[in-house]
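> Take a look and give me a structure for this.
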Amino acid sequence: MTSFRWWGLLVVVMVVGFSNTHAQEGVARDTSTAPPRPTPPQPRPNAEGATGPVPGVLPVRPTIARPDFDCGRPYTTSTTTNNNRGSSRRTRAANPQTGSQPDIGASQAGGHDSSEPLRVFCGASPISDHFLLTSATCVLDPDRPLYSVRLGALTTSENESSLNSRPVDYDIKQIIVHPEFDPHSTERYNDVALIETVDRIQFNEYVFPYCVTDQLPPPGTTVIGAGFGLVNETHSASHLQEADLAVVETADCQEQYQSAGQEQRLRTAYPKLLKNQDVLCAGFPGRGACKGDEGGPLFAESAGRRVLLGIVSFTGPCSKDALLPGVYTSVAHHIPFIDSVIYGLP
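Alright, predicted model coming up:
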């Protein structure tokens, strides 16, 4: 990600689980000429309380949009980490041993060592102590079986491991792909999947779950992307990158692709184009998502918390002069799917 592409995206980067990256040395965040900031969606506390039940209040239907654990900000030793996930119903689980994909961060076959150089293929974002959100396209490549995800890494270089914030690798228990995503098509609708880890993710001041919202951000909302994807047509970032972008109205997004002669490429992924679909667009002149950022997060900072709004799904050319808004799977559109997996809801 050069000054144009905002990041190599991936706050979690399969590698970075979501870290407070912009506070870390060695992490570049391009905020020059930042777009205006309409009010982003606000995290909604659970009726039972953000960190636990409230006496005398009846329980409500569980949803990741109103979790019963703290989210979107660093954990400390006093942070409550209760996470009542209930039973889980699984749909189309991919076997990570035989071919899901390694694109979410570091694909480690067999044993893994967090001191080894990180190979980043995709991004992923933790939303609870066992689940991360990513794109379905990131986990369905049989040539790149995904075995583990790394959280907390700020650099892919073993020579600069001191810049990392205690990265940890987590083995994958299973991968659940949205039941309406078509792996045999080039379409990117319903491009979302959940990764479940074997062990509970240990949250700290660097790695913590995003808040998830069921509200759509209005056009013009300032959002942030982060990751290790390409910074130009040929080179990937060695340090986690971040940059401010703005939500682009989907009709305007389509027009930009059409004006740039990229409509056919866009239609290959989105035959019905973008309006009234499960996607968001975001970009800013000289900055944007590129190859290698897929699966990573698009988030807003609201009331001191990071709120996950989108998942990188489709990117245009990575040349600074030809950069187009990225297309993101809208998290708000897929709350029912997420809840069905995490809480076992129908």
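
> Is the residue nearest to residue 304 when sequence neighbours are not counted in a helix, a strand, or coil?
Distances taken as C-beta to C-beta, 6 or more residues apart in numbering put residue 73 closest to residue 304, at 6.1 Å, once the chain neighbours are dropped. All C-beta atoms are positioned from the backbone trio N, CA, C, and that covers glycine. With DSSP: H, G, I helix; E, B strand; the rest coil as the basis, residue 73 sits in coil.

> what does the model give residue 73 for pLDDT?
pLDDT for residue 73: 94.

> now the one 4 residues further on
At residue 77, the predicted lDDT confidence score is 66.

> do the same with residue 313
The score at residue 313 is 94. That number is its pLDDT.

> Please renumber the chain so that the first residue is 38 from this point on.
Sounds good: first residue 38 from here, last item residue 350.

> Can you verify residue 262 is assigned to a helix?
No - under three-state DSSP, residue 262 falls outside any helix and is assigned strand.

> got a list of what it touches?
When contacts are counted by C-beta atoms under 8 Å, 6 or more residues apart in numbering, residue 262 touches 43-44, 46, 279-280, 282, 319, 326, 330, 333-336, 349, 363.

> That one pairs with what?
Listed by DSSP bridges, the beta-bridge partners for residue 262 are residue 280, residue 335.

> quick one: pLDDT of it?
86.

> Which residue ranges of the protein form helices?
287-296, 300-306, 372-379 (DSSP state H).

> For the shortest one, buried residues please.
So that's helix 300-306. 303, 304, 306 (16 or more other C-beta atoms under 10 Å).

> again, but for stretch 362-376
Across stretch 362-376, burial judged by 16+ other C-beta under 10 Å covers 362-372, 374-376.

> quick one: which of these is nearest to residue 181?
Taking C-beta to C-beta as the measure, residue 181 lies nearest residue 366 of the buried residues of stretch 362-376, at 19.8 Å.

> State the distance from that closest one to residue 333.
The gap separating residue 366 from residue 333 is 11 Å, by C-beta to C-beta, to the nearest Å.

> what touches both of the two?
Common neighbours of residue 366 and residue 333, counting by C-beta under 8 Å, 6+ apart, are residue 348.

> Was I right to think residue 348 contacts residue 330?
No - contact between residue 348 and residue 330 fails when scored by C-beta atoms under 8 Å: they sit 10.1 Å apart.

> Looking at the two, which is more packed in?
residue 330 (36 against 28; other C-beta atoms under 10 Å).

> circling back to that earlier point, of the helices of the chain, which is nearest residue 343?
helix 372-379 (16.7 Å).

> tell me the mean pLDDT over the closest one?
On average, helix 372-379 scores 96.

> just for this structure, where's the confidence low?
38-76, 79-96, 114-157, 193-202, 266-276, 357-358 (pLDDT under 70).

> Mind listing what's buried along stretch 238-248?
238, 240, 241, 242, 243, 244, 245, 246, 247, 248.

> what about it, how long is it end to end?
Start-to-end span of stretch 238-248 (C-alpha to C-alpha, to the nearest Å) is 16 Å.

> for stretch 168-187, same thing?
The first and last residues of stretch 168-187 sit 13 Å apart, counting by C-alpha to C-alpha.

> Can you point out the buried residues in it?
168-178, 181-187.

> Tell me who's in contact with the spatially closest residue to residue 100 that is not a sequence neighbour.
Using C-beta to C-beta, 6+ apart and skipping the chain neighbours, the partner closest in space to residue 100 is residue 376 (5.1 Å). Residues near residue 376 by C-beta under 8 Å, 6+ apart: 99, 100, 101, 382.
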